[in-house]
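S.K.: Give me coordinates for this.
(2 chains)
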Amino acid sequence: MHDSGAGSVYDTLLERGYIAQVSDEDGVRELLAGTGVRFYIGFDPTADSLHVGHFIPMMVMAHLQRAGHVPIALMGCGTAMVGDPSGRTDLRQMMTLETISANAERFREQMRILLDFSDDRALMVNNADWLLGLNYVDFLRDIGVHFSVNRMLAAEAYKQRMEKGLTFLEFNYMLMQAYDFLELHRRYGVRLQLGGDDQWSNILAGADLIRRKEQTEAYALTIKLLTTSEGIKMGKTARGALWLDPEKCPVFDFYQYWRNIDDADVLNSMRLVTFVPMEEIRGWEHLTGSQLNPVKERLAWEVTAIVHGREAADAARQQARALFAGPGEADDMPETLLDAAELEAGVGLLELLERSGLSPSRSAARRLVRQGGVRLDDEVISDESLVLTAADFADGHRILRAGKKRFHRLRPAD
RNA sequence: GGGGGAGUACCCAAGUGGCCAAAGGGGGCAGACUGUAAAUCUGUUGUCUACGACUUCGGUGGUUCAAAUCCGCUCUCCCCCA
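M.R.: Numbers count the residues shown, from 1 in each chain, chains lettered A, B, ... in the order given. Down below sits the predicted model:
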């Protein structure tokens, strides 16, 4: 884990491909050339776990922290009460403050995987502290005057909503985020806000506000969203987003997501989600086809190690190698225990597929069998009415496979 | 406040009394081919005690032998006028 010693952090960010837009490139470069710069990124706790979409901005914060700057992670409990319309086609589900606060608690824990909060090397603040107590009329007179509705409507973030409709509630989001920036400038001297590229107009609004209220230059820098080479958002899995919480996305699945990445996206991902030095990454540029497989494995290990720790990454790698390469198997494969009584009576294959989570329903399990997608150990099972009894477990456990990539261990309970 | 329009499966979107578990596309899943990739081809994609049965077309109550389709009420959203 190391950055290239030479060059400024700004150049590191640029080279690794994080930067999407900057309000004043020279200004930001100069600012970051110093040390101890406080900058912030806001995270609205609208779900109970962070996902890869948040992970990229976190990586940027980590790079900057390692270069001696001070990241401020803003928990958007106040802004989450309103909901950011940027990039959304419809109104977010309104959330209660309790839910939001509980989510923020999870976010806080997950932030620690990448940021060092000790000795004020990074700060965590909550905009509920200043947003929830605001007086409406005061806010309008103090902040609202500085916003032109005409200009707001021209913002890309709102344009998309002009067809589907935009509520006044959401329309205010930009003002709140702008106010956050101002508030953090006043409290901590923050002059730089980072965010996903969809946050561009919101961040600029804040920089403008600071300029007007404080006559100080503030900067906006947006980070590229994690997309495939075809511009499609990455991080979606069959079960939804690629969550950082192992409860919501098992480590093995997380690892496999990166292991199975498209050839065209390997190096780009390597730059964005790992700390592997650029010199090393450049050395892989000429690789093509199956030569990229070891690189994919490295990528998967590196990200997994950052998010879940080295041991978990080692385990996932070992498990994957065992399952795909040889007849072996790993220890921490998900498993289902079968008690003696049910083995006595016999357990149906379809039931097992459903219970293990390999199939969402028995109908789906039946289809899977019919299409030759089910294997018990290495044998394809075509009999959908197959029943397993204690005799089938004479050698201990059996491995149930759905398709080529999903595995589950069945084991008699002791 | 007045007028018009829309809500269909994971998403988009056909269907306007029976031939509808509901066209088509996307996505997902499986198989073939491969490199645990992509592309391509094939199959599949409501549930179940499965050649049949049951539940689904915003919600609810009706009309009818029969409703996603007709009527009343209701919820949500969009557009035009104010």
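
S.K.: okay, CA-based contacts and neighbour counts for the rest of this
M.R.: Will do.

S.K.: mind listing the strands for the stretch 101-250 of chain A?
M.R.: A:123-126, A:192-196, A:219-223, A:236-237, A:240-241 (DSSP state E, counting those that start in this stretch).

S.K.: go on, the stretch 251-400 of chain A?
M.R.: A:335-338, A:347-348, A:374-376, A:379-380, A:387-388, A:398-402.

S.K.: Could you export the ones you listed as CSV, including mean pLDDT and mean neighbour count?
M.R.: Formatted as CSV, those follow (pLDDT from 0 to 100; neighbours: other C-alpha atoms under 10 Å):
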stretch, mean pLDDT, mean neighbour count
strand A:335-338, 87, 16
strand A:347-348, 92, 16
strand A:374-376, 91, 21
strand A:379-380, 90, 12
strand A:387-388, 92, 16
strand A:398-402, 89, 20
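
S.K.: want to throw those into CSV with distance to RNA strand B?
M.R.: Shown next, in CSV, are the strands of the stretch 251-400 of chain A (distance: least, C-alpha to the nearest atom of the strand, whole Å):
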stretch, distance to RNA strand B
strand A:335-338, 18
strand A:347-348, 10
strand A:374-376, 7
strand A:379-380, 9
strand A:387-388, 13
strand A:398-402, 6
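
S.K.: Which one, of those, ends up nearest to A:E156?
M.R.: strand A:398-402 (43.9 Å; C-alpha to C-alpha).

S.K.: Mind giving me the packing neighbours of the closest one?
M.R.: Packing partners of strand A:398-402 (3 or more C-alpha pairs under 8 Å, 6 or more residues apart in numbering; DSSP states H and E): strand A:374-376, strand A:406-412.

S.K.: check contacts around the most centrally placed residue in chain A.
M.R.: In chain A, the C-alpha nearest the mean C-alpha coordinate belongs to A:V52, at 1.7 Å (C-alpha atoms, centre = their mean). Residues near A:V52 by C-alpha atoms under 8 Å, 6 or more residues apart in numbering: A:235, A:241-244.

S.K.: Just the buried residues from the residues you listed, in PyMOL please.
M.R.: PyMOL command restricting those to the buried ones, with burial defined by 16 or more other C-alpha atoms under 10 Å:
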select buried, chain A and resi 235+241+242+243+244
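
S.K.: and A:S385, how many neighbours does it have?
M.R.: Number of residues near A:S385 (other C-alpha atoms under 10 Å) recorded here: 13.

S.K.: Now tell me which helix or strand of chain A has the poorest mean pLDDT.
M.R.: strand A:236-237 (a mean of 65; mean pLDDT, DSSP states H and E).

S.K.: Could you measure from A:L292 over to A:L299?
M.R.: Look at A:L292 and A:L299: by C-alpha to C-alpha, to the nearest Å, they are 10 Å apart.

S.K.: between these two, who's got more neighbours?
M.R.: The neighbour count for A:L292 versus A:L299, taken as other C-alpha under 10 Å, is higher for A:L299 (24 against 19).

S.K.: so what's the more buried one closest to, chain neighbours aside?
M.R.: The shortest distance from A:L299 to any non-neighbouring residue, by C-alpha to C-alpha, 6 or more residues apart in numbering, is to A:M270 (5.8 Å).

S.K.: circling back to that earlier point, so which of the strands of the stretch 251-400 of chain A is nearest A:L323?
M.R.: Once those are compared by C-alpha to C-alpha, strand A:398-402 is nearest, at 10.4 Å.

S.K.: between that closest one and strand A:406-412, how many degrees?
M.R.: Here strand A:398-402 runs at an angle of 150 degrees relative to strand A:406-412 (axes from the mean of the first three to the mean of the last three C-alpha atoms, to 10 degrees).

S.K.: pull the CA atoms of strand A:398-402 into PDB?
M.R.: Written as PDB, here are the backbone C-alpha positions of strand A:398-402 (Å, rounded to 0.1, in the frame of the first residue of the first chain):
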ATOM      1  CA  ARG A 398     -22.000 -33.200  -0.800                       C
ATOM      2  CA  ILE A 399     -21.500 -30.100  -2.900                       C
ATOM      3  CA  LEU A 400     -24.500 -28.800  -4.700                       C
ATOM      4  CA  ARG A 401     -23.900 -26.600  -7.700                       C
ATOM      5  CA  ALA A 402     -26.200 -24.300  -9.600                       C
END
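
S.K.: from the chain's centre, how far out does that strand sit?
M.R.: 30 Å (C-alpha atoms, centre = their mean, to the nearest Å).

S.K.: Could you do stretch A:67-79 as well?
M.R.: Distance, centroid of stretch A:67-79 to centroid of chain: 16 Å (C-alpha atoms, centre = their mean).

S.K.: which of the residues in that stretch are buried?
M.R.: Using 16+ other C-alpha under 10 Å as the test for burial, stretch A:67-79 gives A:67-79.

S.K.: cool, and stretch A:136-153?
M.R.: In stretch A:136-153, counting by 16+ other C-alpha under 10 Å, buried: A:143-144, A:152.

S.K.: who touches the residue nearest to A:L299 in this structure?
M.R.: By C-alpha under 8 Å, 6+ apart, the neighbours of A:M270 are A:276, A:281, A:299.

S.K.: rewinding a little: any chance of the contacts of A:V52 in TSV, plus pLDDT?
M.R.: What follows is the contacts of A:V52, written out as TSV (pLDDT from 0 to 100):
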residue	pLDDT
A:G235	71
A:A241	74
A:L242	85
A:W243	88
A:L244	92
